[in-house]
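*Asks:* here is a sequence together with a model predicted from it:
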Amino acid sequence: MTEAALYVTLFLALYFQTFALLTFLSKDARQRRTKVRLESDFPRVAVIVPCWNEETTIRGTVESLLALDYPREKLELILVNDGSTDNTARVLNEYRAHPMISVIHKQNGGKHSAVNLGAARTRAEFIGCLDADSFVHPGALKEVLAHFDDPRVASVTASMTVHEPRTILERMQYAEYLAGVALRHILATVNGLYVTPGPFSFYRASIIRKLGGFRHGHQTEDMEMAMRLQRHGYRIENAPRAQVFTKAPKTVWKLVKQRTRWTSGFIRNAYDYRDLMFNHNYGVLGLLVLPLGVLALISAMGLTVLAITDTSRMVATALRTQGDVPWSFAFSAPRMDWFYAPITEALVLSIVGIATVTAIMYIGKAISGAQKPIAQDILWYLACYSLVAPIWVFRSAAYVALGVRNAWR
């Protein structure tokens with residue numbers, strides 16, 4: 001049973017990875033990577049920064065926006081304090097007198113309400129969002145806007161990486177985010193994106209207003225909006241060279257809380273937009289991305305249960321035989337001679353899968369322009385990710401089954 005589940009999981013993973021690598025090598029993907037950033041006919045742009053208890057990071061976020069390489073008269077920053085209980089309001093008020101900045105204070109209503117309020121205060125042609133714990137590269141905005149050259153494009157996402165990763169947990173996430181950079185670029189090529197992440201995703205304002213603005217979306221408003229845009233036949237693009245950096249969770253518990261919100265949000269939004277799945281009208285998104293996303297969660301839970309079951313059975317067997325066999329022998333690791341190591345199909349597929357994941361991470365590093373060496377980060381990812389991911393997968397499934405709602409943070 002365990003072996004069969006492992007083979008199914010490996011097949012699905014390799015199928016998707018092969019598809020991703022072939023798409024990366026396609027002509028359309030190459031054209032997107034070489035698109036020249038916008039240098040004339042600058043449209044009016046507004047960046048909305050929803051804030052909730054971000055006193056330690058919001059100043060750096062705003063300063064990074066003020067350093068954007070973009071005409072001052074065409075750029076507007078809207079800072080929305082969503083009922084913070086710390087000193088966020090005081091920090092925001094320091095910017096009230098700035099000619100480019102509008103500061104809004106409101107009662108807590110969730111991130112989607114803060115973004116909608118900001119969008120209602122501007123007549124800009126394009127509106128963007130930036131989480132209050134993220135920072136942008138000066139050239140990011142021109143890179144993003146260059147991908148709105150097709151009127152069917154409703155949104156463009158940026159290349160998001162971890163800001164100054166230091167700990168093992170942060171470095172594991174750094175490698176994961178680089179894979180995300182590559183996959184967003186690849187999936188945008190086939191219009192297969194199902195989320196427009198909070199850090200520096202931009203939207204055509206007329207389309208957002210036409211669709212009625214952002215919704216709660218189970219505290220994943222960026223995922224709900226992306227699926228709604230897909231349902232209405234719009235395109236979501238990616239600007240691979242538009243660099244944005246975000247603070248990663250620093251503890252396992254904070255990471256689990258964040259990923260529980262993301263994963264349970266995916267499950268709930270996938271159910272809300274289940275008409276997209278297995279629907280050829282939505283191409284790769286409906287026939288591959290969303291179904292494989294659901295299957296990946298099911299496989300993760302199934303393999304974890306089987307692994308725990310097999311381990312428990314092994315321990316129980318050792319305990320039953322402890323009177324006849326010394327404990328040191330029952331739990332001793334077998335002597336390994338690599339020359340005689342069995343080369344099974346599962347082992348070969350696993351090695352190929354690890355090599356492919358590593359290649360995707362290096363692709364993300366290359367197209368985003370990241371300079372930091374990533375070999376050790378990848379090793380931490382391979383060593384640690386499978387140990388913590390099942391925690392939030394099972395927690396998310398429980399939240400959905402029990403109807404538990406997530407908090408913004």
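*Replies:* Sure, I can see it.
*Asks:* how about Thr358, what does it touch?
*Replies:* Neighbouring residues of Thr358 by C-beta atoms under 8 Å, 6 or more residues apart in numbering: Ile378. For glycine as for every other residue, the C-beta is placed from the backbone atoms N, C-alpha and C.
*Asks:* tell me which strands the longest strand seen in the chain pairs with, and in which orientation.
*Replies:* Criterion DSSP state E: the longest strand present in the chain is strand 235-246. Applying DSSP bridges, strand 235-246 is found paired with strand 134-136 (antiparallel), strand 153-162 (parallel).
*Asks:* following the longest one, which helix or strand shows up next?
*Replies:* Which is strand 153-162. helix 168-189 (DSSP states H and E).
*Asks:* mind giving me the packing neighbours of that following helix?
*Replies:* helix 2-24, helix 27-33, strand 153-162, strand 235-246, helix 252-272, helix 345-368, helix 375-402 (3 or more C-beta pairs under 8 Å, 6 or more residues apart in numbering; DSSP states H and E).
*Asks:* on that earlier part again, got a markdown table for the strands paired with strand 235-246, with mean pLDDT, mean neighbour count and distance to Val103 too?
*Replies:* Listed next are the strands paired with strand 235-246 as a markdown table, based on pLDDT from 0 to 100; neighbours: other C-beta atoms under 10 Å; distance: least, C-beta to C-beta, whole Å:
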| stretch | mean pLDDT | mean neighbour count | distance to Val103 |
| --- | --- | --- | --- |
| strand 134-136 | 97 | 24 | 18 |
| strand 153-162 | 98 | 26 | 24 |
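*Asks:* check contacts around Thr251.
*Replies:* Thr251 neighbours (C-beta under 8 Å, 6+ apart): Leu169.
*Asks:* what residues are up against Val45?
*Replies:* 70, 74-76, 124-128, 141, 145, 202.
*Asks:* the same query, at a cut-off of 10 Å, please.
*Replies:* The contact partners of Val45, by C-beta atoms under 10 Å, 6 or more residues apart in numbering, come to 68, 70-71, 74-77, 122, 124-128, 141, 144-145, 202, 205.
*Asks:* still on that earlier bit, Tyr385 is nearest to which of the strands paired with strand 235-246?
*Replies:* strand 153-162 (13.9 Å; C-beta to C-beta).
*Asks:* hmm, back to that, of all the helices and strands packed on helix 168-189, which one is nearest Thr57?
*Replies:* Across those, closest to Thr57 is strand 235-246 (C-beta to C-beta), at 9.7 Å.
*Asks:* let me see the mean pLDDT of the closest one.
*Replies:* Throughout strand 235-246, pLDDT has a mean value of 97.
*Asks:* quick one: residues contacting Ala151.
*Replies:* Quick fix: residue 151 reads Pro, not Ala. With contact taken as C-beta under 10 Å, 6+ apart, Pro151 is in contact with 204, 207, 234-235.
*Asks:* ignore what I typed, I meant Asn281.
*Replies:* Going by C-beta under 10 Å, 6+ apart, Asn281 touches 231, 233, 275, 287.
*Asks:* out of the residues you listed, which are inside helices?
*Replies:* Arg231 (DSSP state H).
*Asks:* any chance of the contacts of Asn281 in CSV, plus neighbour count and distance to Arg241?
*Replies:* As requested, the contacts of Asn281 are exported to CSV (neighbours: other C-beta atoms under 10 Å; distance: C-beta to C-beta, whole Å):
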residue, neighbour count, distance to Arg241
Arg231, 17, 29
Gly233, 11, 27
Asp275, 11, 34
Leu287, 17, 29
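*Asks:* out of the contacts of Asn281, list just those in strands.
*Replies:* Counting by DSSP E, those place none of their members in strands.
*Asks:* any idea which of the contacts of Asn281 is closest to Asn191?
*Replies:* Gly233 (9.8 Å).
*Asks:* hmm, Val153 and the closest one touching each other?
*Replies:* No. With contacts counted by C-beta atoms under 10 Å, Gly233 stays clear of Val153, the gap being 11.8 Å.
*Asks:* and for the two, which residues touch both?
*Replies:* Asn191.
*Asks:* roughly how far does Tyr177 sit from Gly109?
*Replies:* 29 Å (C-beta to C-beta, to the nearest Å).
*Asks:* top of the contacts of Pro151 by number of neighbours, please.
*Replies:* Arg204 (21 neighbours; other C-beta atoms under 10 Å).
*Asks:* chain center to stretch 20-31: distance?
*Replies:* Counting by C-alpha atoms, centre = their mean, to the nearest Å, stretch 20-31 is centred 21 Å from the centre of its parent chain.
*Asks:* list the buried ones in that stretch?
*Replies:* Buried positions in stretch 20-31, judged by neighbour count with 16 or more other C-beta atoms under 10 Å: 20, 23-24, 29.
*Asks:* then stretch 368-377?
*Replies:* For stretch 368-377, by 16+ other C-beta under 10 Å, it's 368, 370, 374, 377.
*Asks:* what is the end-to-end distance of it?
*Replies:* 16 Å (C-alpha to C-alpha, to the nearest Å).
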